[in-house]
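# Build the 3D model from these lines:
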Amino acid sequence: MKLYRACYVDIYDEKDVLVFFAENEEKAFEYICEQNVDDFVQYLIDDTCFGELLEEIEPFYNEAIQYIAKKDFENFARLYWMNIQKQHWTLEEIDVSEEIDVYACYPKDVLEKDDVEIVYIEKDLTDEDEIKELVLIDLAYRESIREPFRDFVTDRAINMSFNERFYCDEKGFIFAEGLPIRLRDDVLEKFGFDESKLSEFWLNNVNEFFEDNDTYRDWYIEYITNKKEPDILDDGFYFYVAKKMLENGEWIEYDIRKVVMKQ
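Next up is the predicted model:
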């Protein structure tokens with residue numbers, strides 16, 4: 001069995017990026033075809049303009065018309081896919097050891113093939129919690145070294161940044177919408193109309209996030225309050241933040257799926 005990643009020419013969601021095992025390229029394309037048959041059958045039933053369809057199927061008309069006459073839409077969909085849609089898919093073979101299991105990690109929004117992360121775990125591991133933790137560690141490491149994530153973490157702005165989470169309560173962002181910038185009325189009331197308590201609120205949230213790592217907490221406070229350069233934060237810091245945000249579902253939420261060899 002070989003590991004394949006297949007990508008549609010236009011990626012809009014997770015159905016357009018597939019990770020699976022197959023014996024060879026021929027079987028791989030058959031697998032992709034089967035993943036698309038039901039949707040195409042529904043398209044034939046609900047939305048097809050048969051005038052346009054007849055032009056497309058002209059090269060294989062004699063075979064196609066037999067399925068259409070019998071209303072065998074499933075086999076017609078397979079025939080159509082292999083002749084028309086197959087060319088829009090790119091197939092990539094990935095080298096993988098027989099000693100590992102493969103996990104495909106799908107984020108909520110899939111817009112390009114690299115959005116789907118492929119993680120490898122030793123085959124002799126059986127504890128599901130341990131496996132989930134190892135997958136999460138791998139994902140957190142990858143994210144922690146990416147420039148967009150590091151820019152997000154080092155952004156000192158109070159919105160659209162890592163720092164924003166420390167200006168949130170159980171209802172969300174503590175500032176009211178619109179200008180001028182001001183606290184929500186209920187937050188201001190909770191502060192006893194003393195806006196100086198904002199610093200204390202921020203610090204309490206920072207302490208809570210970094211509750212199990214005083215060093216990283218102190219670095220972040222120093223970075224924000226004294227406007228230090230980002231080099232005060234090391235690789236371990238970014239990994240710590242990435243892992244915690246992934247665990248909390250605050251950065252990317254993944255649907256983690258084991259890629260199983262089908263017999």
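# all strands of the stretch 151-263 of the chain, in order?
168-169, 172-173, 254-259 (DSSP state E, counting those that start in this stretch).
# Return the residues in contact with the residue nearest the centre of the chain.
Taking Cα atoms, centre = their mean as the criterion, Pro107 is the residue nearest the geometric centre of the chain, at 1.8 Å. Each residue near Pro107 by Cβ atoms under 8 Å, 6 or more residues apart in numbering is listed here: 115-116, 252-255. Yep, even glycine has a C-beta here, placed from its N, CA and C like the rest.
# at 10 Å instead, please
Pro107 makes contact with 14, 115-117, 139, 251-255, according to Cβ atoms under 10 Å, 6 or more residues apart in numbering.
# Find the nearest non-adjacent residue to it, please.
Of all residues beyond its chain neighbours, the one nearest Pro107 is Ile252 (5.0 Å), with distances taken as Cβ to Cβ, 6 or more residues apart in numbering.
# looking at the sheet around Trp89, what are its partners?
Tyr8 (DSSP bridges).
# Can you check what pLDDT the model gives it?
Turning to Trp89, the model gives it a pLDDT of 97.
# Do I have it right that it meets Ile11?
No: between Trp89 and Ile11 there is no contact, the gap being 11.0 Å when judged by Cβ atoms under 10 Å.
# what's the burial count for Asp39?
As a burial measure, Asp39 scores 11 neighbours (other Cβ atoms under 10 Å).
# Touching, Lys27 and Met261? I think so.
No: taking contacts as Cβ under 10 Å, Lys27 lies outside contact range of Met261: 11.7 Å.
# Settle it for me: which of the two has more neighbours?
More crowded of Lys27 and Met261, by other Cβ under 10 Å: Lys27, with 16 against 12.
# any idea which helix or strand carries the more buried one?
helix 25-46 (DSSP states H and E).
# Go through that helix and flag the buried ones.
Under the neighbour-count criterion of 16 or more other Cβ atoms under 10 Å, helix 25-46 has 27-29, 31-33, 36-37, 40-41, 44 buried.
# what's the answer for stretch 133-142, then?
134-136, 138-140.
# what does stretch 242-257 give?
Buried residues in stretch 242-257, counted by 16+ other Cβ under 10 Å: 242-246, 251-252, 254.
# Repeat that for stretch 231-239.
Buried residues in stretch 231-239, counted by 16+ other Cβ under 10 Å: 233, 237-239.
# Let me know the closest of these to Glu122.
Phe239 (20.7 Å; Cβ to Cβ).
# Surely the closest one and Tyr141 touch.
Yes: between Phe239 and Tyr141 there is a contact under Cβ under 10 Å: 5.9 Å.
# Now do the residue nearest to Pro107 against Arg156, distance only.
22 Å (Cβ to Cβ, to the nearest Å).
# Kindly report the same for Phe193.
26 Å.
# now do Lys27
53 Å.
# how close does Arg150 sit to Lys243?
Using Cβ to Cβ, Arg150 is found at 14 Å from Lys243.
# Then Arg5?
25 Å.
# circling back to that earlier point, tell me which entries of the buried residues of stretch 133-142 lie within strands.
Assigned to strands by DSSP state E, none of the buried residues of stretch 133-142 qualify.
# any idea which of the residues you listed is closest to Glu23?
Scanning the buried residues of stretch 133-142 for proximity to Glu23, where the rule is Cβ to Cβ, the winner is Val135, at 26.5 Å.
# Identify the residues contacting the closest one.
103, 105, 117, 119-121, 254, 256, 258.
# and those residues, which are buried?
Looking at the contacts of Val135 with 16+ other Cβ under 10 Å, the buried ones turn out to be 103, 105, 117, 119-121, 254.
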